[in-house]
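# Predicted structure and sequence below. I'll ask about it afterward.
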Amino acid sequence: AQTVTQSQPEMSVQEAETVTLSCTYDTSESDYYLFWYKQPPSRQMILVIRQEAYKQQNATENRFSVNFQKAAKSFSLKISDSQLGDAAMYFCAYRSGDFGNEKLTFGTGTRLTIIP
Amino acid sequence: DTGVSQDPRHKITKRGQNVTFRCDPISEHNRLYWYRQTLGQGPEFLTYFQNEAQLEKSRLLSDRFSAERPKGSFSTLEIQRTEQGDSAMYLCASSFGSGYTFGSGTRLTVV
């Protein structure tokens, strides 16, 4: 079974600075997807960024980028120019590439606080 | 398209009562998922449907839990004889391809 580990229960960053959230995963599969989700206090899970394992290029979405290290099974999220609206729980998630095995496996989350 | 909607937002019930939650997915999404999230934890997979077929159930889904998706549209999750350990947020998500959209969840409190 796949597992996802987020070793930082809480992180804080000064507004406008850069912060990196860590995620490691364990799998024997070669084809899979990785995601970062944001869950604000309003609680709806929002997709931040996704990465296909077969792509070597790291995904980027505006201020959000990932450092995907497939051999090390590491998938960290970098948030640049942090804004107050970035404060939330962040979850790393894994999905198998196998058709019919499409559930997400989540880590335990990192609570990000933005310091004004 | 109004996204994934879940009803109710909050439910307080007495131990031993039955509860039912509803999820309305995005209309063109053929896959629908239920997750459970307890305080301070990530969501845990419960079950998922492709159209009306329930394809996978987690071992977390005890016999007291049942889910349906008649006609491949909305889905219901029923918990019979609720226990205090069932208190959690129940999240629904739908997908088409590899993109998921989550609802806002139903928070269940068993007293």
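Cool, got the structure. Residues are numbered from 1 along each chain as shown, chains lettered A, B, ... in the order given.

# Going by C-alpha atoms from here, please, whenever you check contacts or count neighbours.
Noted.

# So which residues of chain B form strands?
Under the criterion DSSP state E, chain B contains strands at B:5-7, B:10-13, B:19-24, B:31-37, B:44-50, B:53-57, B:65-68, B:75-79, B:88-96, B:99-102, B:106-110.

# Which stretch among those strands approaches chain A most closely?
strand B:99-102 (5.8 Å; CA to the nearest CA).

# returning to that earlier point: could you export the strands of chain B as JSON lines, including mean pLDDT and mean neighbour count?
Output for those, formatted as JSON lines (pLDDT from 0 to 100; neighbours: other CA atoms under 10 Å in any protein chain shown):
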{"stretch": "strand B:5-7", "mean pLDDT": "97", "mean neighbour count": "20"}
{"stretch": "strand B:10-13", "mean pLDDT": "98", "mean neighbour count": "15"}
{"stretch": "strand B:19-24", "mean pLDDT": "98", "mean neighbour count": "20"}
{"stretch": "strand B:31-37", "mean pLDDT": "96", "mean neighbour count": "24"}
{"stretch": "strand B:44-50", "mean pLDDT": "94", "mean neighbour count": "23"}
{"stretch": "strand B:53-57", "mean pLDDT": "91", "mean neighbour count": "15"}
{"stretch": "strand B:65-68", "mean pLDDT": "96", "mean neighbour count": "18"}
{"stretch": "strand B:75-79", "mean pLDDT": "97", "mean neighbour count": "20"}
{"stretch": "strand B:88-96", "mean pLDDT": "94", "mean neighbour count": "23"}
{"stretch": "strand B:99-102", "mean pLDDT": "90", "mean neighbour count": "18"}
{"stretch": "strand B:106-110", "mean pLDDT": "97", "mean neighbour count": "20"}
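
# These into TSV, with extra columns for distance to chain A?
Putting the strands of chain B into TSV (distance: least, CA to the nearest CA, whole Å) gives the following:
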stretch	distance to chain A
strand B:5-7	11
strand B:10-13	13
strand B:19-24	14
strand B:31-37	8
strand B:44-50	7
strand B:53-57	8
strand B:65-68	16
strand B:75-79	17
strand B:88-96	9
strand B:99-102	6
strand B:106-110	10
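
# just to confirm, which helix or strand has the residue nearest the centre of chain A in it?
In chain A, the centroid-proximal residue (CA atoms, centre = their mean) is A:W36; its distance is 3.0 Å. Using DSSP states H and E, A:W36 sits in strand A:32-39.

# what packs against that strand?
Where contact means 3 or more CA pairs under 8 Å, 6 or more residues apart in numbering or on different chains; DSSP states H and E, strand A:32-39 is packed against strand A:46-52, strand A:88-96.

# if you set the cut-off to 10 Å instead, what comes out?
strand A:46-52, strand A:64-69, strand A:74-79, strand A:88-96, strand A:104-106, strand A:110-115 (3 or more CA pairs under 10 Å, 6 or more residues apart in numbering or on different chains; DSSP states H and E).

# Turn these into TSV, columns for mean pLDDT and distance to B:P8.
Compiled in TSV, the helices and strands packed on strand A:32-39 are given as follows (pLDDT from 0 to 100; distance: least, CA to CA, whole Å):
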stretch	mean pLDDT	distance to B:P8
strand A:46-52	95	20
strand A:64-69	96	33
strand A:74-79	98	33
strand A:88-96	96	23
strand A:104-106	95	24
strand A:110-115	97	26
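
# among those strands, which is nearest chain B?
Nearest of these to chain B, taken as CA to the nearest CA: strand A:104-106 at 5.6 Å.

# tell me what that closest one is packed against?
strand A:3-5, strand A:32-39, strand A:88-96, strand B:44-50.

# Now do it: distance to the chain's middle.
Centroid separation for strand A:104-106 versus its chain: 11 Å, with CA atoms, centre = their mean, to the nearest Å.
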